[in-house]
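Enquirer: when you get a sec, could you give me coordinates for this:
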Amino acid sequence: MKHDIRLRIISLNTAFKLIKKFEDNWIYIKMILKTSIKSSNCAYFKFKLKDFIILDDDIFFYGDEDEDRLYLNKSGIVQTECSPEEDEILIKIASSNGIIEVFIKRYLPILNVRLDELNNPRKNIIITEGQTDWRHLKYALKKLKENGMFENLDIDFFEPDKKTEMGNDKLKKIRDYHALLENEYCKIFIFDRDVGEINSEFEDAQVLYHGNNVYSMLLPIPEHRKDTPYISIEHYYIYLEKIVVGEGFIW
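Expert: Here you go, the predicted model:
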């Protein structure tokens with residue numbers, strides 16, 4: 001069976017492992033029923049994947065809403081493929097009417113959808129500075145849970161895209177706005193320590209409560225930055241640099 005020129009063939013188990021990583025992310029699904037070379041039908045939908053469940057005969061995709069669901073017959077799967085970035089999976093299923101191609105792609109929705117998630121979260125949520133700060137925290141929490149820590153911590157992260165600027169000033173304005181509203185779930189705003197004006201707001205406090213379930217905090221100072229406390233989240237990493245004689249590179 002031919003494969004999509006953008007993708008490479010992978011095993012079914014590998015496809016399932018990659019899809020499992022899509023949990024807590026938005027996914028875009030395109031289904032194509034190919035009844036002949038010149039005839040096909042398409043369907044499109046998207047939702048934030050909450051659970052991906054594998055059973056003996058079926059696989060299930062569940063979102064937060066009742067209508068956010070998809071199930072596929074596992075026994076009919078004849079080929080699985082993925083993109084080089086491993087952010088898109090193609091599942092090909094044989095049916096009595098032809099071949100069903102199911103494309104599952106991880107993506108970030110448009111800004112107004114993400115802002116709606118922030119206004120109406122379904123769980124406690126963390127909002128950070130920058131375009132990538134949340135990625136560091138989300139990955140750290142994932143690794144801690146894998147090691148048996150914070151397994152019952154029910155929290156999400158606001159995930160802005162590369163076009164959305166989220167500096168300390170904008171983060172402060174969003175925090176103060178949400179503190180005026182009633183919030184069913186906690187909203188925790190985390191600031192870098194690289195701006196004196198923001199630091200002075202906290203004085204010696206580790207956490208500030210602004211009312212209506214809205215909290216804010218500064219990044220804690222790691223031990224190796226006690227003498228240089230003006231930090232952003234990237235300063236949590238300690239880089240070991242070593243010149244390898246004769247190799248001409250640094251690692």
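Enquirer: neighbours around residue 11, how many?
Expert: Other residues lying near residue 11 total 9 when counted by other Cβ atoms under 10 Å. Every C-beta, even on glycine, is put in place using the N, C-alpha and C of the backbone.
Enquirer: can you pull the contacts of it?
Expert: Neighbouring residues of residue 11 by Cβ atoms under 8 Å, 6 or more residues apart in numbering: residue 80.
Enquirer: against residue 23, how distant is it?
Expert: Distance, residue 11 to residue 23, by Cβ to Cβ, to the nearest Å: 20 Å.
Enquirer: give me the nearest residue to residue 92, chain neighbours excluded.
Expert: With Cβ to Cβ, 6 or more residues apart in numbering as the criterion, residue 92 has its nearest non-adjacent residue at 4.3 Å, and that residue is residue 79.
Enquirer: with residue 160 instead?
Expert: The shortest distance from residue 160 to any non-neighbouring residue, by Cβ to Cβ, 6+ apart, is to residue 166 (5.3 Å).
Enquirer: that's a helix at the one you found, yeah?
Expert: No. Secondary structure of residue 166 (DSSP: H, G, I helix; E, B strand; the rest coil): coil, not part of a helix.
Enquirer: I'd say it and residue 131 touch.
Expert: Yes. Counting by Cβ atoms under 8 Å, residue 166 touches residue 131, with 6.7 Å between them.
Enquirer: which one's more surrounded, the two?
Expert: Neighbour totals were compared for residue 166 and residue 131, and residue 166 leads with 18 against 15 (other Cβ under 10 Å).
Enquirer: list the contacts for that one?
Expert: Counting by Cβ under 8 Å, 6+ apart, residue 166 makes contact with 127-131, 160.
Enquirer: just the closest of those residues to residue 227, please.
Expert: residue 129 (22.7 Å; Cβ to Cβ).
Enquirer: mind pulling up the pLDDT for that closest one?
Expert: Residue 129 carries a pLDDT value of 89.
Enquirer: hmm, residue 171 and it touching each other?
Expert: Yes. Using Cβ under 8 Å, residue 129 is in contact with residue 171, at 5.5 Å.
Enquirer: which one of these two has more residues nearby?
Expert: residue 129 (26 against 21).
Enquirer: quick one, phi psi at that one?
Expert: When quoted as degrees, to the nearest 10, the phi and psi of residue 129 stand at phi -80, psi 170.
Enquirer: first to last residue in stretch 219-234, what's the distance?
Expert: 11 Å (Cα to Cα, to the nearest Å).
Enquirer: quick revisit: what's the pLDDT at the residue nearest to residue 160?
Expert: We have a pLDDT of 80 for residue 166.
Enquirer: any idea how far it is from residue 158?
Expert: Applying Cβ to Cβ, the value for residue 166 to residue 158 is 9 Å.
Enquirer: joint contacts of these two?
Expert: In contact with both residue 166 and residue 158: 127-128, using Cβ under 8 Å, 6+ apart.
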